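Structure for the following, please:
(2 chains)
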Amino acid sequence: MTTGPKDNDFTVKIANVNGTGSASANTLLMKVLFRMGIPVVAKNYFPSNIQGFPTWYEIRANEDGYLARSGRVDVMVAMNAETYQKDQDCVAPGGFLIYDSTWPRHRILDRKDITILGVPLAQLCNENFSASRARILMKNIAYVGVLAALLDLDMEVVKALLTQSFASKAQLLDANQLAIDLGYRYAKEHFDGSLPFRARSSDKTDDHIIIDGNTATGLGCVYAGATLGAWYPITPSTSIMDAFRAFCDQYRKDPETGLTNSCVIQAEDELSALGMVLGAGWNGARAFTSTSGPGISLMNEFLGYGYFAEIPAVLIDVQRCGPSTGMPTRTQQSDIMSCAYASHGDTRHVLLFPANPGECFSMSVQAFDLAEQLQTPVIVVTDLDIGMNDWMCPDLQWDDAYQPNRGKVLSADDLEKMEAFHRYIDADGDGIAYRTLPGTHPKGAYFTRGSGHNMYGAYTEDSTEYREIVDRLLQKWEAAKGFVPEPEVHYSEKFRSGIISIGSCHDAVVEARDRLADSGVHLNYLRVKAFPFGARVQEFLDAHDRIYVVEQNRDAQLRGLLLLEARVEQATLVPLLHFDGLPLNAKFLVDAINTDLSKGKAA
Amino acid sequence: MTYIRRPNVVHPDMPSNELGLTARDYEGGISSLCAGCGHDSVTSAFVQALFELSIPPHRVAKLSGIGCSSKTPAYFASASHGFNSVHGRMPSVATGANSVNRDLHYIGVSGDGDSLSIGFGQLCHAIRRNVNMLYVIDNNGVYGLTKGQFSASADVGTTAKKGEVNIQPPIDACMTALTMGCTFVARSFSGDKEQLVPLLKAGLVHKGFALIDVVSPCVTFNDHLGSTKSYDFTRQHYHPAIHADFIAPAGEITASYRDGDTISVVLHDGSRVVLRKVDEQYDPTDRIASYAFLQKHAAAQEIVTGLLFIDDAKPDMHETHKVVEQPLNSIDFDTLCPGQSALAELQNRFR
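Now for the predicted structure:
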């Protein structure tokens, strides 16, 4: 973990002020590395604010293809005077700091163990651009030029990306190209060659894309055949519905009439959003909502209703720090418990835990199948890191032979042949009853209610009839274990210690296991992909004496869920918790596990 | 209770409608509400309206929230799907259901607590979206199931059964609806079936959100002296402004409608609502005038009834959201899914 940066293995961090247009410059830099064939990790740390707050963007170039943040800064581009001191402090010894030397910063240039490179970015831009907005925007593009020179970026790739980005705006293309050149030339003229670590063209990104989880989720909902998206804006989930709407416009709109064969409704709040989804699911359409923790809180009553009345619904919960305001733009995995048991009464919900945008795409499709097969709400639990950051992942694949699993829905013909239909009778003995859709056939009618229904769908307040329903729901829950995705397991019988983790912790765990193995520490690994936990989770628990449960919340929610829902001793599960709002990195895990192991040796 | 079944006997002389169904085919389970409850009269008006319109029962979806009123969809049209949702949230469920199948008739039945307190926001937003549905508020000014608390429609100074005086000002459903842009606003009285049935029929056929606020006295908790939602008070302060007659597409306007001052509004399916002015000053196609009229009479403690406002031309939710005509729940999967070749093409954008 202590090895320094080298070619195609370094981290650049850019400190900026939000609202200055730095996002396009940062994305450009990241994409250049990606197009040069170097695997990249991009993390955006942004404030809950529109203009004027500090924001950071971190790019890890990494030939080995690890996808977690490095937890280290080799090059800092310090564009924000407000955070300058702090930004300087976090550069690794031997690293580099680039700052805008238009204004003197002598008094705080106090690190002797790093190289400080001043570039008069503002001055260069002021001399070359007249509009005040352009001067601010182009400063950012200019530092990409500086980095291009220092890191030896392929200028043909830079040019191609710019040309592509501004294909329809020739004026902007010229301005951006000029800004790149200003930074590039200044660095070439004033600094002695490039940095000791550089970007070298490679071939590790073929058949890969750069995509954020929310875009992949929105696309997955289109591919799943969802026709209603109902939502209330909330960071960090909003871009899911933006993506869904954009893809619907692209793929489902009749160019002549302008009409679309899907509907997106911006609801008045999250309660209403889930109400709409339940109404549509009851009516036989695939419908979903996207939200975050506060939305899940508000949706609780309806979630219990959906569970009990057995209505398919898909929710995407992009987790963030909670509660309420303050850190809504920082990542966490702190809704695991609230999603698992959302609502009053005895309720449990099927959860899926994607670890990256690729799984956001596939699991959002799977969520609709499960919701209809099991006739229940299904929550895809992702987080801000997956949802809003750009990830490198293998090309998304689609099987054209796929047909949706619509579950047990009776057609008009089925009903015609039946003597009578009763909504909640378990005819197949799997806990899943047949349902009908409104408008299909006069025999199909039933009255959907909360807890006061019996197996015939009639009103009841009878204790025995109530028990029949809740017992069958539990039977269905057991059946669900066989349908949800199995965990990812890396297992060797030789080892009695392991890691259990979830969602976006995955890549840091993968890297940490490699580094620990380098030093002779071998840990098996299981990544939970769904709730309820199936037999393979229990097997893993049974096979180990000590398991680190890695997750991103304070209260060890995954560990708690394992203790509640599986057979395992408390002492076996060692919590390893990261919950400061930043994505997990491997170093944190390696250090924590080594500390724990040395404690064991001391005792 | 719905487990008590009505006897399955139909009198041979019972009239049948265009579908060959009798009114019995539009009935539901036996009501569990108190004897004399106004809501049961609304229920029977629903039976008659659906029967007279010859709507196939299975093409109706009945939705409700929580409360005495919200139980009533179980008591009519048992061959229709029903959805007894959670408190105050029926408008969102109806909105979602409607969004994916525009071809059914949606009936929402709610109460003054369900609609004007806990669900006030959802009601306003459903109106604002002009969801194509009939929304009936059984308005009795009181929470019945929790034994007699004032609701948000109770007038200041009205007394509860045990003597408590209401101090919080009321919310008027019709004035709210007019303000929110509602395209069909009516008020009626559960004791006036002659007025209510044509209103229900017109509301069912109207394209857009049709709100009918029905004063429906609670015989157990709010039918005493000092209540402004009792049978006695309502009858005394009843002020019919407009009488609406509903005429099916093929029906003729008979001579009697030409007498006096009438307005005929043609609905989107060719049927008509003929509005006969009882109060000559009233114009039910002028939103601002309607609002002023209601305010004036409310100040005089008069309960203005009839079809208070209608606008059949405003686009409904499907039109504003630019959704195709075909119900979304019936579109082929292959039409909805872009497939692998589109995905491969799309991904060039992400490199």
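
The residue of the stretch 101-250 of chain B at minimum distance from chain A: what's its closest spatial neighbour, skipping adjacent residues?
Going by CB to the nearest CB, chain A is nearest to residue B:125 of the stretch 101-250 of chain B, at 4.3 Å. Yep, even glycine has a C-beta here, placed from its N, CA and C like the rest. Nearest non-adjacent residue to residue B:125, counting by CB to CB, 6 or more residues apart in numbering or on different chains: residue A:268, 4.3 Å away.

Double-check that that neighbour belongs to a helix.
No. Counting by DSSP: H, G, I helix; E, B strand; the rest coil, residue A:268 is located in no helix; its state is coil.

need the residues of the stretch 101-250 of chain B near chain A, please.
The stretch 101-250 of chain B comes close to chain A at residues B:101, B:103, B:104, B:121, B:122, B:124, B:125, B:129, as judged by CB under 8 Å from any CB of the partner chain.

switch to 6 Å and redo it
Within the stretch 101-250 of chain B, the positions lying close to chain A (CB under 6 Å from any CB of the partner chain) are B:101, B:104, B:121, B:122, B:125.

Could you double-check that the first one sits in contact with residue B:329?
Yes. If you go by CB atoms under 6 Å, residue B:101 and residue B:329 touch, sitting 5.0 Å apart.

Need the residues touching each of those two.
Shared contacts of residue B:101 and residue B:329 (CB atoms under 6 Å, 6 or more residues apart in numbering or on different chains): residue A:283.

and the residue of the stretch 451-600 of chain A found nearest chain B, what are its phi and psi?
Of all residues in the stretch 451-600 of chain A, residue A:459 sits closest to chain B, at 4.6 Å by CB to the nearest CB. Dihedral pair for residue A:459: phi -70, psi 140, per degrees, to the nearest 10.

and the gap between it and residue A:551?
For residue A:459, the distance to residue A:551 (CB to CB, to the nearest Å) stands at 43 Å.

higher neighbour count, the two?
A count of neighbours by other CB atoms under 10 Å in any protein chain shown puts residue A:551 above the other of residue A:459 and residue A:551, at 29 against 20.

Spit out the contact partners of the more buried one.
Residue A:551 neighbours (CB under 6 Å, 6+ apart): A:333, A:502, A:558.

at 7 Å instead, please
For residue A:551, the contacting residues are A:333, A:501, A:502, A:505, A:557, A:558, A:577, by CB atoms under 7 Å, 6 or more residues apart in numbering or on different chains.

Then residue A:105?
Going by CB under 7 Å, 6+ apart, residue A:105 touches A:84, A:99.

Just give the nearest non-adjacent residue to the spatially most central residue of chain A, would you?
Centroid-nearest residue in chain A: residue A:386, 2.0 Å away (criterion: CA atoms, centre = their mean). Closest residue to residue A:386 apart from its sequence neighbours, by CB to CB, 6+ apart: residue A:213 at 3.8 Å.

swap in residue A:403?
residue B:333 (6.5 Å).

burial count for residue 191?
Chain wasn't specified; assuming chain A. Count around residue A:191 with other CB under 10 Å applied: 18.

could you do chain B instead?
Residue B:191 has 17 neighbouring residues, counting by other CB under 10 Å.

now residue A:242
Neighbours of residue A:242 (other CB under 10 Å): 16.

Please, which helix or strand holds it?
Residue A:242 belongs to helix A:238-252 when assigned by DSSP states H and E.

and that helix, anywhere near chain B?
Yes. Helix A:238-252 is in contact with chain B by CB under 7 Å from any CB of the partner chain, via A:251, A:252.

Buried residues in that helix, which are they?
Within helix A:238-252, the residues scored as buried using 16 or more other CB atoms under 10 Å in any protein chain shown are A:238, A:239, A:240, A:241, A:242, A:243, A:244, A:245, A:247, A:248, A:251, A:252.

which SS state does the residue of the stretch 101-250 of chain B closest to chain A fall under?
Assigned with three-state DSSP, residue B:125 falls in the helix class.

List the contacts of it.
So residue B:125 contacts A:268, A:272, B:91 (CB under 7 Å, 6+ apart).

For it, report the pLDDT, please.
At residue B:125, the model reports a pLDDT of 98.

Would you mind measuring from it to residue B:119?
The value you get for residue B:125 to residue B:119, if CB to CB is used, is 10 Å.

Between those two, which contacts overlap?
By CB under 7 Å, 6+ apart, residue B:125 and residue B:119 have these common neighbours: residue B:91.

hmm, what's the outermost residue in chain A?
Distance from the centre of chain A peaks at residue A:419, with 48.6 Å (CA atoms, centre = their mean).

who's in contact with the nearest residue to residue A:231 once chain neighbours are set aside?
If the residues on either side of it in the chain are set aside, residue A:231 comes closest to residue A:241, at 4.6 Å by CB to CB, 6+ apart. Residue A:241 makes contact with A:218, A:229, A:231, A:264, A:290, according to CB under 7 Å, 6+ apart.
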